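Chemist: Provided below for reference: sequence and predicted model.
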Amino acid sequence: MQRTKFILLIFSQILLVSSVFFSVLDAPNPSCLISAPNLAEIPRNLVIATPSYVNRWSTTYSPDNIDISADGRYFVTGDSAPAPTNLTFYDRNGPRWAHIPGDAILDVAISANGQYIVTGTQIKNVTLYNRAGFRDDYIPSDGIISVAISADGLYFVAGDIPGRVLMFNRSNPQANGINNMWNYTTGDGSIGALAISSDGQCIAAGGWNQNITLLNRDSTVIQEIETGAVRSLAMSADGTYIVSGNSSGYVSLFNNTGSLLVGYDMGEEVREAAISADGQYFAVGGINDHVMMFRRNGSIVWDYDTGFNVYSVAMSANGQYVVSGDGNSNVTLFNQTGFMWNYTTGGSVNSVAISADGQYFVAGSGDNYAYLFKNPLPSDEDQNQLILLLLAQAGTGDQSIFMFAIIGIGAVSAVIIIILLVKKQE
């Protein structure tokens, strides 16, 4: 019996040493925490959740339109001030090329694979660029104020001032060089919001005609939904779910047959809506200063008051992260538990976008800068690489990893010995 007590004492000491060692390993290394300037006050337990880095590049005018590829390697900005404005294409190291379209850019979109960019301008042009900067101009008759593009860049759509939806196919040019597959007139009022499924099969269009129009790629109208003037639309990757926000403050989640699944009144204009790839989560922000995250069943995940008008919201494809831009110059990052941190730029943040895994996000600010941020929290892939790195360090004689292994083996051995002794005495 005395022997068992002695071994239990040894085992408890091993566990105590192990816990201390683990806490040392888990403590953030101050030399690895890169502090960003002018961060808002955040809770002490979230100090580690500061941006890993912040980069910015100057633009000609305010980059009010911005989008990022799914992997976060490329992003694009468009100035919306009067000509001459710039469309600028970036990788993580900075600008790669720029083009002056000769007209104010009202919307931009980049394909998920980062290979193609589509823009709409104030006077008349829809323009498709590839990643190298080569372009094709498509010239509808009136100003283009919204665009969207499929994941592979094969299909793209544009919405114009008279209320038409125009569908294009990159691989099927006509004799006159205009790849306009078809156009559909929704009625009076411009088309200010568009969304397209990853495969380009489903399209949603909305605007000042008070309706959302759901169409197939062949121009078949699936449903016309009366919603009020639509400010923003977003669609799940497979086109099954559509979220909208209107000028009266109403948030709606529909399925692709037009059935209303969720309705919520924010009280004031909804400026932006975003949805996860699987449609399980969606987020909205608006003039009531709030950013909100919902589940597909309509329950609210969180509701955050920024204190200022929210002009832009984006959600990672996996639904884990939300980023917003507001009228007080702030870029704010959230996860599924709510606020993580914010960063103050030098001007109103009118456009934000985020990569599929939430590891990279971008913002266009009224201070005439485009910002690139790295998420402070590691992705699943980053965590796996860290484990491999630790194992590799153990093989090179790293002392702390060696101690980790010895303590672990000792603890397991102690458990086995105790079990055997107890069984023997029984």
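Modeler: Sure, I can see it.

Chemist: look up which residues are beta-bridged to F254.
Modeler: F254 has the following beta-bridge partners by DSSP bridges: I242, L260.

Chemist: ok, it to D71 distance?
Modeler: In this view, F254 and D71 are 29 Å apart by Cβ to Cβ, to the nearest Å. Quick note: C-beta positions are derived from backbone N, CA and C, even for glycine.

Chemist: same check on I105?
Modeler: 24 Å.

Chemist: these two: which has the busier surroundings?
Modeler: I105 (29 against 14; other Cβ atoms under 10 Å).

Chemist: mind listing what the closest residue in space to that one that isn't next to it in sequence touches?
Modeler: Closest residue to I105 apart from its sequence neighbours, by Cβ to Cβ, 6 or more residues apart in numbering: G78 at 3.3 Å. By Cβ atoms under 8 Å, 6 or more residues apart in numbering, G78 lies in contact with 63-66, 85-88, 105-108, 119.

Chemist: what of R131?
Modeler: Neighbours of R131 in contact, by Cβ under 8 Å, 6+ apart: 74, 89, 114-117.

Chemist: which of those residues are buried?
Modeler: Listed as buried from the contacts of R131 are 74, 89, 114-117; burial here means 16 or more other Cβ atoms under 10 Å.

Chemist: and the chain, what are its domains?
Modeler: Domain ranges of the chain: 2-34+383-425, 51-379, per automatic domain parsing.

Chemist: pick the most deeply packed of these.
Modeler: Mean neighbours per residue, mean count of other Cβ atoms under 10 Å, is largest over the domains of the chain for domain 51-379, with a mean of 20.

Chemist: now do it, average pLDDT.
Modeler: The pLDDT scores in domain 51-379 average 92.

Chemist: my guess is D289 meets Y311, correct?
Modeler: No - D289 is beyond contact range of Y311, at 10.9 Å (criterion: Cβ atoms under 8 Å).

Chemist: overlap in contacts, these two.
Modeler: With Cβ under 8 Å, 6+ apart as the test, D289 and Y311 both reach D326.

Chemist: figure out the helix or strand that the closest residue to I191 other than its chain neighbours lives in.
Modeler: The spatial neighbour of I191 that comes closest, neighbours along the chain excluded (Cβ to Cβ, 6+ apart), is G159 at 2.7 Å. Following DSSP states H and E, one finds G159 within strand 155-160.

Chemist: so what's L261 closest to, chain neighbours aside?
Modeler: The spatial neighbour of L261 that comes closest, neighbours along the chain excluded (Cβ to Cβ, 6+ apart), is L253 at 4.7 Å.

Chemist: could you export stretch 234-251 as CSV, CA atoms only?
Modeler: Extracted C-alpha coordinates of stretch 234-251, given in CSV (Å, rounded to 0.1, in the frame of the first residue of the first chain):
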residue,chain,number,x,y,z
ALA,A,234,-25.1,37.4,-51.8
MET,A,235,-25.5,33.8,-52.8
SER,A,236,-24.2,30.5,-51.5
ALA,A,237,-21.7,28.7,-53.7
ASP,A,238,-24.2,26.2,-55.2
GLY,A,239,-26.9,28.9,-55.6
THR,A,240,-29.3,27.3,-53.1
TYR,A,241,-29.5,30.3,-50.7
ILE,A,242,-29.7,34.0,-51.4
VAL,A,243,-29.5,36.8,-48.7
SER,A,244,-30.5,40.3,-49.4
GLY,A,245,-30.6,43.7,-47.7
ASN,A,246,-32.9,46.5,-48.7
SER,A,247,-33.1,50.3,-48.4
SER,A,248,-35.8,50.0,-45.7
GLY,A,249,-33.6,47.9,-43.4
TYR,A,250,-35.1,44.5,-44.1
VAL,A,251,-32.8,41.4,-44.3
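
Chemist: how close does the residue nearest to C202 when sequence neighbours are not counted sit to A132?
Modeler: Of all residues not flanking C202 in the chain, G239 sits nearest, at 3.1 Å (Cβ to Cβ, 6+ apart). Separation of G239 from A132 (Cβ to Cβ): 30 Å.

Chemist: and I222, by the same measure?
Modeler: I222 is 36 Å from A132, by Cβ to Cβ.

Chemist: what does A317 give?
Modeler: 26 Å.

Chemist: circling back to that earlier point, so who does the residue nearest to C202 touch?
Modeler: Neighbour list for G239: 197-199, 201-202, 256 [criterion: Cβ under 8 Å, 6+ apart].

Chemist: which one among these gets closest to G298?
Modeler: Within those, proximity to G298 (Cβ to Cβ) peaks at N256, which comes in at 17.9 Å.

Chemist: center of this structure, which residue is that?
Modeler: I354 (2.7 Å; Cα atoms, centre = their mean).

Chemist: and the nearest residue to that residue once chain neighbours are set aside, bridged to which residues?
Modeler: In space, and not counting its chain neighbours, I354 is closest to F361: 4.0 Å by Cβ to Cβ, 6+ apart. Judged by DSSP bridges, the bridge partners of F361 are I354, F373.
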